[in-house]
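J.: Starting from these lines, generate the structure:
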Amino acid sequence: MEQRKIIHIDMDAFYASVEQRDHPEYRGRPLAVGRPEGRGVVAAASYEARRYGIRSAMPSVTARRLCPELIFIPGRMEVYREVSRQIHRIFREYTDLVEPIAFDEAFLDVTRNKKGIPLAVDVARAVKRQIRDELGLVASAGVSYNKFLAKIASDYRKPDGLCTIHPDRAAAFIARLPIEAFWGIGRVTARKMHEMGIHDGAALRECPPDFLTERFGKAGRLYYEFAHGIDLRPVEASRVRKSVGCETTFPYDLTSFDAMTDELYKLAAKLNGRLDRAGFRGNTLTLKIKFADFRLQTRSLSPGYELFASAEIFPLATALLRDAGIEGHPVRLLGLSVGNPTHPVQHELYRQLSLDL
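T.: Residues are numbered from 1 along each chain as shown. This is a model prediction of the structure:
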């Protein structure tokens, strides 16, 4: 079987970089895309701002406290959408097997590429150079034989990174990888693994699949495969997305309505960012609640208009929580998702970028 050549391209600080490209006066200065007033949140932060600890989905008031000279500018989704189209046109000069993940990242299968370039790292280098020369933007690229390792590699030397994980070196690379760096392992799962003595890929690799499945459900099997360098998922050039969501498992159970609404506010901001990056709009909001006794409850509503901004999502989520009868029931997880898309969001040729945002 022919070994695949997969590239993961991730634009560096995409929204903020577009603004610094288009506004030379912002270059080299800490910049955030978002609203500074009220309960605004940071949609994106330049690398200069990140040095102060500023991150996406952070409340704007917190960001301003960390960096008083931080520049806030409103987002221009129509501009980011068009730039993303331009980036994806460059991708398709090399391969039609492009799987968009968001406005600013995608997987490319270049096993058989249009340019006839034998080495995937040379394809990645050419793509990065073309994006810089034609669009004035910087991308990081990860190259490997599957999506998991290509994704890890693209994060490894940011910004302007290019990292290749060769099949012969994958096992050693994974063994040294901190457990937090594995795709799909968040803060709470990582803490649980640490309590079990699993701190890196080498320790994870020692765990039998049944052991991991028993403790982490279906994800346990995925962790086992990743630890052994296995990821058979293809790069899908056509995919229909039915919903976009996010959730958080808390390190301790929440018992007060105020604490839960604080977390819902953070989730709404995070969901807002994911909807923006995916170019997704839907009519139905769903709240997911997992109680301390592991009972699961979901509640949904369709307000009759498109949902895509945290200012619309948060009050609706609060209303759903209020109607869920949570009094006296500690909560260990909350999740929010937007579904029932107003248009089928099909990733083929990055069609979701034609949606109005």
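
J.: okay, CA-based contacts and neighbour counts for the rest of this
T.: Fine.

J.: can you list the weak-confidence ranges in this structure?
T.: The model of the chain has pLDDT under 70 over residues 1, 39, 238-240, 343-357.

J.: Centre of the chain to the longest helix along it, how far?
T.: Determined from DSSP state H, the single longest helix within the chain is helix 257-278. Here the centre of helix 257-278 is set off from its chain's centre by 14 Å, with C-alpha atoms, centre = their mean, to the nearest Å.

J.: just the strands in the chain please.
T.: 6-11, 31-34, 42-45, 71-73, 98-102, 105-109, 139-144, 162-164, 240-241, 243-254, 282-291, 296-301, 331-341, 345-346 (DSSP state E).

J.: still on that earlier bit, could you pull out the buried residues of the longest helix of the chain?
T.: By 16 or more other C-alpha atoms under 10 Å, the buried positions in helix 257-278 come out as 257, 260-261, 263-278.

J.: just stretch 121-131 next, same as before
T.: Applying 16+ other C-alpha under 10 Å to stretch 121-131 flags 121, 123-124, 127-131 as buried.

J.: Of these, which belong to helices?
T.: Filtering those for helices - DSSP H - leaves 121, 123-124, 127-131.

J.: still on that earlier bit, include distance to Ala317 and mean neighbour count when you put the strands of the chain into JSON lines, please.
T.: Listed next are the strands of the chain as JSON lines, based on distance: least, C-alpha to C-alpha, whole Å; neighbours: other C-alpha atoms under 10 Å:
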{"stretch": "strand 6-11", "distance to Ala317": "31", "mean neighbour count": "28"}
{"stretch": "strand 31-34", "distance to Ala317": "21", "mean neighbour count": "26"}
{"stretch": "strand 42-45", "distance to Ala317": "20", "mean neighbour count": "26"}
{"stretch": "strand 71-73", "distance to Ala317": "27", "mean neighbour count": "17"}
{"stretch": "strand 98-102", "distance to Ala317": "24", "mean neighbour count": "22"}
{"stretch": "strand 105-109", "distance to Ala317": "29", "mean neighbour count": "25"}
{"stretch": "strand 139-144", "distance to Ala317": "35", "mean neighbour count": "28"}
{"stretch": "strand 162-164", "distance to Ala317": "41", "mean neighbour count": "21"}
{"stretch": "strand 240-241", "distance to Ala317": "22", "mean neighbour count": "14"}
{"stretch": "strand 243-254", "distance to Ala317": "13", "mean neighbour count": "16"}
{"stretch": "strand 282-291", "distance to Ala317": "7", "mean neighbour count": "21"}
{"stretch": "strand 296-301", "distance to Ala317": "9", "mean neighbour count": "14"}
{"stretch": "strand 331-341", "distance to Ala317": "8", "mean neighbour count": "22"}
{"stretch": "strand 345-346", "distance to Ala317": "23", "mean neighbour count": "20"}
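
J.: what about the residue nearest to Lys270 when sequence neighbours are not counted, distance to Ile71?
T.: Excluding its sequence neighbours, the residue lying closest to Lys270 (C-alpha to C-alpha, 6 or more residues apart in numbering) is Ala57, at 5.6 Å. Remark: distance between Ala57 and Ile71 (C-alpha to C-alpha, to the nearest Å) = 16 Å.

J.: what sits up against stretch 290-306?
T.: With contact meaning C-alpha atoms under 8 Å, 6 or more residues apart in numbering, stretch 290-306 is reached by 253, 281-289, 320, 324, 329-334, 342.

J.: If anything else comes up later, I'll come back, but that's it for now.
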